[in-house]
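Novice: Quick one, fold the following:
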Amino acid sequence: NDLKIYDLEDKDINKYKLKSTSHNSTNNSSINCLSWNHTNQVVAVCGNKGSVSLYQANNGHELAVVPFPEIKDPFYEKNIIKCVSFSSNSRYLACGIASAVHIWDLKKRVLKFTSTNKVIKGQVNCLSFLNENYLISGDSTGYIRLWDTKLNTADSPKFELAHESNASLTCMESPFSSQTKIVSGYNDGSLYLWNTTTSTNLRK
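Specialist: Numbering: from 1, shown residues only. Got it, this is the predicted structure:
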């Protein structure tokens, strides 16, 4: 439950220096996911206590704790947050709790967006912003969903992409430079490269 940040400027891997370290007292458990903000000055950390901590990268100082609402459903296990992600300009911070997606507006300090659990039937494992208005989520049932974050709540996503055998999605990424490409990995070892325009898997 410690957060450690290393300075990798030296090309010799044996000389990499520990830049800062911090005891993750807020989560006081395993750290499940990290996300850098766009200036590389702040790190968001999530774990098993239902909140996200923000740390100063240069000294490990805890800047704030971002609370998220408690969700009661069959997939919610002891306040576990599996994923966290900053938007491209770091105004928004998203996390997946159980079968719901939440987005916090850090500028206004309010909860901006919450998806209902009517659609997602598994644990949200991965998140990635396509831009400031759209977020993709991936879950344990193998689905990728696109959410319109301009709304306050959402009963249904803009679109869905499904794994052919519903393998659990374990990792996912979309480059900020492209709003049409998603790469996703699953617990059965499969790797999908998606074109969101055509909703097709590019990797055969």
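Novice: C-alpha only now, for contacts and for neighbours.
Specialist: Fine.
Novice: In contact with Ser140, which residues?
Specialist: For Ser140, the set of contacting residues under the criterion of CA atoms under 8 Å, 6 or more residues apart in numbering consists of Gly122, Gln123, Val124, Asn125, Ala167, Ser168, Leu169, Thr170.
Novice: Ramachandran angles for the residue lying closest to Tyr92 once chain neighbours are set aside?
Specialist: Taking CA to CA, 6 or more residues apart in numbering, and ignoring the residues beside it in sequence, Tyr92 has Asp105 as its nearest neighbour in space, at 4.8 Å. Phi and psi for Asp105, reported as degrees, to the nearest 10, are phi -90, psi 110.
Novice: thought Asp105 was touching Leu111?
Specialist: Yes - counting by CA atoms under 8 Å, Asp105 does reach Leu111; the two are 6.0 Å apart.
Novice: Which one of these two is surrounded by more residues?
Specialist: The neighbour count for Asp105 versus Leu111, taken as other CA atoms under 10 Å, is higher for Leu111 (19 against 15).
Novice: Look up phi and psi at the more buried one.
Specialist: Given degrees, to the nearest 10, the pair of backbone angles that Leu111 has is phi -80, psi 120.
Novice: which residues touch the helix or strand that contains Ile182?
Specialist: Assessed by DSSP states H and E, Ile182 sits inside strand 181-186. Outside of strand 181-186, the residues within contact range by CA under 8 Å, 6+ apart are 142, 167-175, 191-196.
Novice: follow-up on the earlier one: how about the contacts of Ser140, which pair is most distant?
Specialist: The distance between the two most remote of the contacts of Ser140 (CA to CA) is 13.3 Å, for Val124 and Ala167.
Novice: These two: who's more crowded?
Specialist: Looking at Val124 and Ala167 with other CA under 10 Å, you find the greater number of neighbours at Val124, namely 29 against 19.
Novice: what residue ranges in the protein score low on pLDDT?
Specialist: The chain contains residues with pLDDT under 70 at 1-29, 70-79, 117, 153, 176-178, 198-200, 202-204.
Novice: tell me the centre residue of it?
Specialist: Central residue of the chain (CA atoms, centre = their mean): Val84, 3.1 Å from the mean position.
Novice: separation between it and Ile120?
Specialist: 17 Å (CA to CA, to the nearest Å).
Novice: Show me what the residue nearest to Tyr92 is bridged to.
Specialist: As for beta bridges, Asp105 partners with Tyr92, Val110 under DSSP bridges.
Novice: list the contacts for it?
Specialist: Arg91, Tyr92, Leu93, Leu111, Lys112.
Novice: The first one contacts Lys107, correct?
Specialist: Yes - the pair Arg91 and Lys107 qualifies as a contact (CA under 8 Å) at a distance of 6.1 Å.
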